[in-house]
Every structure is written in C-alpha cells, then in structure tokens.
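Chemist: sequence and predicted model, in that order:
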Amino acid sequence: MSAELVLSALSALMLGLLACGFALCVWSLCRVSTLRDKAEERLLAKLRASCGKEGSHVEEGM
C-alpha cells in the first residue's frame with residue numbers, strides 16, 4: 001500500500017465522521033426543541049387545569 005492510498009482512506013474516513021457528527025448535532029438540536037415544546041404544552045395544560053379548579057385566572061401578558 002502506498003502512502004497516498006492510506007492518506008486517501010484516512011481523509012475519506014475523517015469526512016465520513018465529520019458528516020455523521022454534523023447530522024447527529026442537527027438531530028439532537030431538533031429533538032431538544034421537540035421535547036421543550038412538549039414540556040411547554042404539558043405545563044400549560046396543568047396551568048389551565050389548576051386555574052379552572054381553583055376559579056382563579058391568569059392575567060394576559062404574563
């Protein structure tokens with residue numbers, strides 16, 4: 001095996017790892033955003049349920 005072939009294989013491997021890392025980063029950012037949205041929806045539902053039970057109200061603009 002020549003040195004050029006080894007360097008070529010290593011370059012291809014590094015590019016592949018870089019692409020996988022980028023894809024994983026984007027996927028994790030999207031997942032965190034989705035989880036945050038779901039948690040926010042659950043919190044709002046609990047807030048609405050507790051306000052309905054106690055007869056209190058939530059002021060607009062909060």
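Modeler: Arrived safely. In this text, all values refer to a predicted model and were calculated from it rather than measured experimentally.

Chemist: only C-alpha atoms from now on, for both contacts and neighbour counts.
Modeler: Noted.

Chemist: pLDDT score for Gly52?
Modeler: At Gly52 the predicted local distance difference test score is 74.

Chemist: check the offset of the strand or helix carrying it from the chain's centre.
Modeler: Assessed by DSSP states H and E, Gly52 sits inside helix 3-54. Distance of helix 3-54 from the chain centroid (Cα atoms, centre = their mean, to the nearest Å) equals 3 Å.

Chemist: and it, what does it pack against?
Modeler: Helices and strands touching helix 3-54, as assessed by 3 or more Cα pairs under 8 Å, 6 or more residues apart in numbering; DSSP states H and E, are absent.

Chemist: residue ranges with poor pLDDT in the protein?
Modeler: Scanning the chain for pLDDT under 70 picks out 1, 53-62.

Chemist: go again with 50.
Modeler: 62 (pLDDT under 50).

Chemist: can you count the residues close to Lys38?
Modeler: 12 (other Cα atoms under 10 Å).
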